[in-house]
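**Q** dropping the sequence and predicted coords here.
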Amino acid sequence: MNPVDVAGLPVGDGHPPRIMGVLNMSVESNYDPSTWGDVEGAVEHAERMAAEGADIIDVGLQSSNPKNPWQAVDTELERLERALEVLDRADCDAVWSIETRYAEVADEALARGFDMVNDVCGFADPEMPGVCRKHDAAVVKMASPPDIQLPGHLRSIDDCFAALARGGFTEKTIVDPAFGGWYDEKTYEDNWEMFRRLREFRAFNRPMLTATNREDFLGDIADRPETEDQLAVSLAAATMEVERGADIVRTHDVPETADVAAVAHFLGDRRAVETGSGGDDEADVAASELTGVTPREVARNTTIREDDGVDPALATTLTFAAGGFPAEARAELMEIGSEHGLLVAAGDADATVPNDHVDAASDESEGGNGDRPAGEGTFVSGTVAAYEDALPELSGTAGLETLTAAIRGAIDRERL
């Protein structure tokens, strides 16, 4: 993941998730706690968010809710004057982001003190990338059709990928998948599917922003239809977003979101990250371990990067835990796994697991002759291709029917 410098704030792999607090200066915005028409109230809100853990303050000049009327560029420019007054008066150490769809507004805001742009129309204004490059400013590109009046009007995850790819990126682009109910055709099910597959957006090799705070598609899961009752579901989602690769979490609830993001980052699945240290030839090289990679995610990476020589089935691993096998079935599983390149760690009270089926750390922890006394569980791990090779034999072995069904289900679920 290529990190991005946002006015001195590093965003991306190797850095903690950043919190973006919302400050709406559009009187038509629907969430009152984050909406301020007056400068004094907006200043106090900005300072409070920064004190509570906001790394970035995102100032909106018009509502992107499709239920609210679209505002032309002149309206945003007029509201920008008040936003600039807030920026000048607020005493807080945070990056300032301008949420706009217009390059003209972004240019004025960046020239007069804002640090970055949050483009909710995803470069629908073709001048936006050039403006951001001119100011060397980071820009969030939200998945959106090429219509400056229709932010986020996309349905499927493939639509969102195509929209993000359209028009390219600047060197400091951050991607936003565009969660939410932008129009009637985008259902809760569409949002749930995109959330489950959120890691696929890492394929762009750019930092990712997520904005799911107090969204109805989360509230529906817990039967919390009212916005004011959706804090808990938003926080649950935020932990999963961090785990799945979000580098910036946009929220109306800064202190609570900052806390859960910190815990998710600290206790989450740690990934090894290395940056170039091998001389000038590797000054810009970065390498990041990916966890929980599925065949579909690998396929997404190879498609975006135009490298069709990689077979997802050869590049991904599935791992299963099972128990209760008859001794004969377990022995067959060990033999089939060895023949087809599956790693099998299994055992019972009277058996040991050979050294070549478990890692060295596990062997050393048990001591002895290099074999590990078996526990009650059985773990099977390998590539999708290895499982597919082994399935005919696995499915023909009595006692392995449940494991075989689980393997088939996982492969079917992830198959493109």
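**A** Happy to help now that I have it. Numbering: from 1, shown residues only.
**Q** low-scoring stretches of this protein, by residue?
**A** For the chain, the stretches with pLDDT under 70 are 1, 28-36, 270-292, 305-310, 312-315, 346-377, 414-416.
**Q** contact partners of the helix or strand hosting A390?
**A** Per DSSP states H and E, A390 falls inside helix 384-395. Contacting residues not belonging to helix 384-395 are listed as 295, 311-314, 316-318, 333, 336-337, 339-342, 382, 400-401, 403-404, 407-408, 411, 414 [C-beta atoms under 8 Å, 6 or more residues apart in numbering]. No exception for glycine: its C-beta is placed from N, CA and C like everyone else's.
**Q** can you rerun that using 6 Å?
**A** P295, A313, L314, T316, I336, H340, G341, L342, L400, T404, I407, I411 (C-beta atoms under 6 Å, 6 or more residues apart in numbering).
**Q** repeat that for stretch 14-24.
**A** When contacts are defined by C-beta under 6 Å, 6+ apart, stretch 14-24 is touched by residues 11, 34-35, 45-46, 49, 53-60, 242, 248-250, 252, 254, 257-258, 261, 265, 273.
**Q** just the ones of those in helices?
**A** When DSSP state H defines the helices, the subset of those inside them is H45, A46, M49, V242, V254, T257, A258, A261, H265.
**Q** and the residue nearest to the fourth one when sequence neighbours are not counted, how far from E241?
**A** This means V242. Leaving aside its sequence neighbours, V242 sits nearest to A264 (C-beta to C-beta, 6 or more residues apart in numbering; 3.9 Å). Distance of A264 to E241, computed by C-beta to C-beta, to the nearest Å: 8 Å.
**Q** the two: who's more crowded?
**A** The residue with more neighbours, out of A264 and E241, is E241; 26 against 21, by other C-beta atoms under 10 Å.
**Q** pull whatever helix or strand T404 lives in out as PDB, backbone CA atoms only.
**A** Element membership for T404 (DSSP H and E) is helix 401-414. Extracted in PDB, the C-alpha atoms of helix 401-414 (Å, rounded to 0.1, in the frame of the first residue of the first chain):
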ATOM      1  CA  GLU A 401     -17.800 -35.600   4.300                       C
ATOM      2  CA  THR A 402     -18.300 -32.500   6.600                       C
ATOM      3  CA  LEU A 403     -14.800 -31.200   5.900                       C
ATOM      4  CA  THR A 404     -15.300 -31.800   2.200                       C
ATOM      5  CA  ALA A 405     -18.500 -29.800   2.200                       C
ATOM      6  CA  ALA A 406     -16.800 -26.900   4.000                       C
ATOM      7  CA  ILE A 407     -14.000 -26.800   1.500                       C
ATOM      8  CA  ARG A 408     -16.400 -26.900  -1.500                       C
ATOM      9  CA  GLY A 409     -18.500 -24.100   0.100                       C
ATOM     10  CA  ALA A 410     -15.500 -21.900   0.600                       C
ATOM     11  CA  ILE A 411     -14.200 -22.400  -2.900                       C
ATOM     12  CA  ASP A 412     -17.700 -21.800  -4.400                       C
ATOM     13  CA  ARG A 413     -18.200 -18.600  -2.300                       C
ATOM     14  CA  GLU A 414     -14.900 -17.100  -3.500                       C
END
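**Q** report all helices and strands that it contacts.
**A** Helix 401-414 sits against strand 317-322, helix 384-395, with contacts defined as 3 or more C-beta pairs under 6 Å, 6 or more residues apart in numbering; DSSP states H and E.
**Q** deepest of these, which one?
**A** helix 384-395 (a mean of 18; mean count of other C-beta atoms under 10 Å).
**Q** that helix vs helix 401-414, what angle?
**A** Counting by axes from the mean of the first three to the mean of the last three C-alpha atoms, to 10 degrees, helix 384-395 lies at 150 degrees to helix 401-414.
**Q** then helix 384-395 to PDB, C-alphas only?
**A** Below are the C-alpha coordinates for helix 384-395, written out as PDB (Å, rounded to 0.1, in the frame of the first residue of the first chain):
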ATOM      1  CA  VAL A 384      -7.300 -23.400  -3.600                       C
ATOM      2  CA  ALA A 385      -5.600 -25.300  -6.400                       C
ATOM      3  CA  ALA A 386      -4.300 -27.900  -4.000                       C
ATOM      4  CA  TYR A 387      -7.800 -28.400  -2.500                       C
ATOM      5  CA  GLU A 388      -9.300 -28.800  -5.900                       C
ATOM      6  CA  ASP A 389      -6.700 -31.500  -6.700                       C
ATOM      7  CA  ALA A 390      -7.400 -33.300  -3.500                       C
ATOM      8  CA  LEU A 391     -11.200 -33.000  -3.400                       C
ATOM      9  CA  PRO A 392     -11.900 -36.200  -5.500                       C
ATOM     10  CA  GLU A 393     -10.000 -38.300  -2.900                       C
ATOM     11  CA  LEU A 394     -11.300 -36.400   0.100                       C
ATOM     12  CA  SER A 395     -14.900 -36.700  -1.000                       C
END
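**Q** the inter-axis angle of that helix versus strand 317-322?
**A** For helix 384-395 against strand 317-322, the angle between stretch directions is 30 degrees (the same axes, to 10 degrees).
**Q** now helix 384-395, how far from the chain's geometric center?
**A** Relative to its chain's centre, helix 384-395 lies at 32 Å (C-alpha atoms, centre = their mean, to the nearest Å).
**Q** how near is A83 to C160?
**A** Going from A83 to C160 by C-beta to C-beta gives 28 Å.
**Q** ok, now T294?
**A** Counting by C-beta to C-beta, the gap between T294 and C160 amounts to 18 Å.
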